[in-house]
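Q: Predicted model, plus sequence, below.
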Amino acid sequence: MQKTRGTSLSDSTNPERQAGETAGSPRPRRVGVLVAVALAALAADIVSKIIVVSTLQDRAPVRLLGGLLTLRETRNSGAAFSIGTGYTIVFTLIACGVVVAILRTARNLRSAPWAVCLGLLLGGAVGNLIDRLLRAPAPLKGHVVDWIQLPHWPVFNLADSAIVCGGVLAVLLAARGLQVDGTRLKDEGSGADEAPGTDESPQADTSPGKGDAPKGDTGKGDAPEDDAAGDAPAGAPEDGAGVPAPEEKS
């Protein structure tokens, strides 16, 4: 019956094996999550910059929340938070490299938290890269539009915020041992540590126990060889021989 059906009864009646095969199946890719987060961050950055340029350019800053938040349109030739002004081309090339690296990493992306992290980094990097490629004064040298200002903090935009949030999330995920493919470093380490212990078996106790008889002991009923109770004295006559009979009196 097994030959005609072509399947083994042991495979069909072994739920543990089927559960192991299901547990070992690869995790689904999270590229869709990455793309969705990246598009959301990019769209928010582009729309906010369009609104800021059309409403705040060449105008006085707008103070909100008692001066806690100030909206001011500025142009930045450096990196995020106006760092490294004057190296526009260098930062443009770095941004292109970051985008390529994220896209290459996405091929093995199977972790949802890492998908959100890389999506924020990708959306922020592309948002600022578009400004460097399309805005004045020239391609690859364009100045990025910044418009959010906090007390004692450089002016930034939503793309900078996405990059910072993605970087902080990456540090947290790495600290927890979560990898891009969805595995955890701690799980692998604990499995390696526990593997030798599973093969160990308690050694048999070869020492004699309390109930073990010494070697050569034939049992409780064995009597010693020289038993005084059962031995006759040396030189004693056997079967009463040599014993004088009593004399009869007349």
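A: Yep, it's here.

Q: Please list all residues in contact with residue 31.
A: Residues in contact with residue 31 (C-beta atoms under 8 Å, 6 or more residues apart in numbering) are 106, 109, 115. For the C-beta atoms, the positions are set from N, CA and C on the backbone; glycine is no exception.

Q: any idea how far the first one is from residue 30?
A: It refers to residue 106. 8 Å (C-beta to C-beta, to the nearest Å).

Q: of those two, who's got more company?
A: residue 30 (23 against 20; other C-beta atoms under 10 Å).

Q: In the top strand by length along the chain, which residues are buried?
A: Counting by DSSP state E, the longest strand found in the chain is strand 69-76. Residues 70, 71, 72, 73, 74, 75, 76 are the ones in strand 69-76 that count as buried (16 or more other C-beta atoms under 10 Å).

Q: which residue packs closest to residue 57, ignoring adjacent ones?
A: Nearest residue to residue 57 in three dimensions, chain neighbours excluded: residue 73, at 5.1 Å (C-beta to C-beta, 6 or more residues apart in numbering).

Q: Run the angle between the longest helix that the chain contains and strand 69-76 for me.
A: The longest helix of the chain (DSSP state H) is helix 31-56. Put simply, helix 31-56 runs at 90 degrees to strand 69-76, going by axes from the mean of the first three to the mean of the last three C-alpha atoms, to 10 degrees.

Q: what comes up buried for helix 31-56?
A: 31, 33-34, 37-38, 41-42, 44-46, 48-49, 52, 56.

Q: wait, which of those is closest to residue 141?
A: residue 49 (17.5 Å; C-beta to C-beta).

Q: Mind telling me what element the nearest residue to the closest one once chain neighbours are set aside is part of?
A: The shortest distance from residue 49 to any non-neighbouring residue, by C-beta to C-beta, 6+ apart, is to residue 145 (4.5 Å). In the assignment (DSSP states H and E), residue 145 maps to strand 144-149.

Q: Who are the packing partners of that strand?
A: helix 31-56, strand 69-76, helix 112-134, helix 158-175 (3 or more C-beta pairs under 8 Å, 6 or more residues apart in numbering; DSSP states H and E).

Q: Select, out of those, the one closest to residue 94.
A: Nearest to residue 94, of the helices and strands packed on strand 144-149 and by C-beta to C-beta, is helix 112-134 at 9.0 Å.

Q: tell me which residues in that closest one are buried?
A: For helix 112-134, by 16+ other C-beta under 10 Å, it's 113-132.

Q: Kindly report the same for stretch 160-180.
A: Residues 160, 161, 162, 163, 164, 165, 166, 169, 170, 173, 178, 180 are the ones in stretch 160-180 that count as buried (16+ other C-beta under 10 Å).

Q: which of those sit farthest apart?
A: Farthest pair in the buried residues of stretch 160-180, by C-beta to C-beta: 160 and 178, 25.1 Å.

Q: can you put the helices and strands packed on strand 144-149 in CSV and add mean pLDDT and distance to residue 92?
A: As requested, those are exported to CSV (pLDDT from 0 to 100; distance: least, C-beta to C-beta, whole Å):
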stretch, mean pLDDT, distance to residue 92
helix 31-56, 96, 16
strand 69-76, 93, 13
helix 112-134, 95, 5
helix 158-175, 96, 14
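
Q: need those in JSON lines with distance to residue 149, can you?
A: JSON lines is the format used below for these (distance: least, C-beta to C-beta, whole Å):
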{"stretch": "helix 31-56", "distance to residue 149": "11"}
{"stretch": "strand 69-76", "distance to residue 149": "4"}
{"stretch": "helix 112-134", "distance to residue 149": "17"}
{"stretch": "helix 158-175", "distance to residue 149": "12"}
